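1. sequence first, predicted model second:
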Amino acid sequence: MKNRELAVFLLFILTGTVAFGQDYAFKVMANKGTNEVKSGDSWQPIKTGASLKLNDELRVANNGYLGLISASGKPVEVKNPGPVKVAELAAQVKGGSSAVNKYTEFILSSNAEEKKNKLSATGAVYRDIASEKAIKLMLPENQHSGVYNTEAVISWDGSKVTGPYVVTFSNMFEEQLAKIETTETSVVINLKDPKFVHETGIFVDVRSKVNPSQSSKQHLIKRLSPDAHEKVQRSLSDIMGEVSEQTALNKFILAGFYEEQGLFIDAIAAYEEVLKLAPEVSYYKESYDEFLVRHGLKR
């Protein structure tokens, strides 16, 4: 008798757990176009951050896009126009990771907080205008200058100083490692390049070629220590099985991972990949801008 009562109790707990886990089927991470959801009897515009239930129906617009995360932590991109049942999408989902959900929640909450701050403090200034250089490098301060990956994107605001520009890289002893001339407002370096491969820290600054006195502040790019690199690698391994495919949504999640880890340079590189893969999805560009503003990397 006791065994039967125990079995009934465990079944009750399991049923409650499943029901709780199925409170939503997907969360909306990104949305482009006049996409709609039918929950009940009426159609409503889909909003980023919304939860989609198993019984909902979607109507994807022509040239529309949805970036979804399943309740199990699986990224799904929806691009085909027309009607689709959420239950049908959920049936196609295989696998997932709760760690992915952790970073998607981080992204959504960070972006929501940024929008809230904009509404409550429009025009607020947190920097010393008088001390600013003519060229603003979109790189973090030293405490967040570590790099996990081998590529680093160096971008700057060219609104006050037009090109051509000279980008100079030097080591900790102020010895020049490389110099790049460009008319663009960004360059990409590979830390496996023979010029950089033996350096633990690299200083970078940008100047006007025509008027070298118009320059940026010098910023540091540094490799992570072996222990720090291994720690990030362990955390990254929890989600890589779900985000290894080269999609905009996966890169977006990786950008959130790197931001949460305090690796802003890696986050920048991930965001740049997002924009290359889905340049038409304005929400991704807005999220990138919000990230830069949130951490003082952009005026």
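-> Now that the structure is in, tell me what you want to look at.

2. which stretches of the stretch 151-299 of the chain form helices?
-> For the stretch 151-299 of the chain, helices defined by DSSP state H, counting those that start in this stretch occupy the ranges 226-237, 240-243, 248-260, 264-277, 282-294.

3. ranking those helices by burial, who's on top?
-> Ranked by mean neighbour count under mean count of other C-beta atoms under 10 Å, the helices of the stretch 151-299 of the chain are led by helix 248-260, which reaches a mean of 24. In short, each C-beta sits where N, CA and C put it, glycine included.

4. tell me which of the helices of the stretch 151-299 of the chain lies nearest to residue 205.
-> Relative to residue 205, the nearest member of those by C-beta to C-beta is helix 264-277, separated by 15.6 Å.

5. what does that closest one contact?
-> Outside helix 264-277, the residues within contact range by C-beta atoms under 8 Å, 6 or more residues apart in numbering are 138-140, 144-149, 151-153, 155, 221, 246-248, 251-252, 254-256, 258-259, 284-285, 287-288, 291-292, 295, 297.

6. which residues of this protein score low on pLDDT?
-> For the chain, the stretches with pLDDT under 70 are 1-22, 112-131.

7. distance-wise, check the most centrally placed residue in it relative to residue 288.
-> For the chain, the residue nearest the mean C-alpha position is residue 255 (2.7 Å; C-alpha atoms, centre = their mean). Remark: distance between residue 255 and residue 288 (C-beta to C-beta, to the nearest Å) = 8 Å.

8. JSON lines for the helices of the stretch 151-299 of the chain, including distance to residue 72?
-> Listed next are the helices of the stretch 151-299 of the chain as JSON lines, based on distance: least, C-beta to C-beta, whole Å:
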{"stretch": "helix 226-237", "distance to residue 72": "18"}
{"stretch": "helix 240-243", "distance to residue 72": "9"}
{"stretch": "helix 248-260", "distance to residue 72": "14"}
{"stretch": "helix 264-277", "distance to residue 72": "23"}
{"stretch": "helix 282-294", "distance to residue 72": "23"}
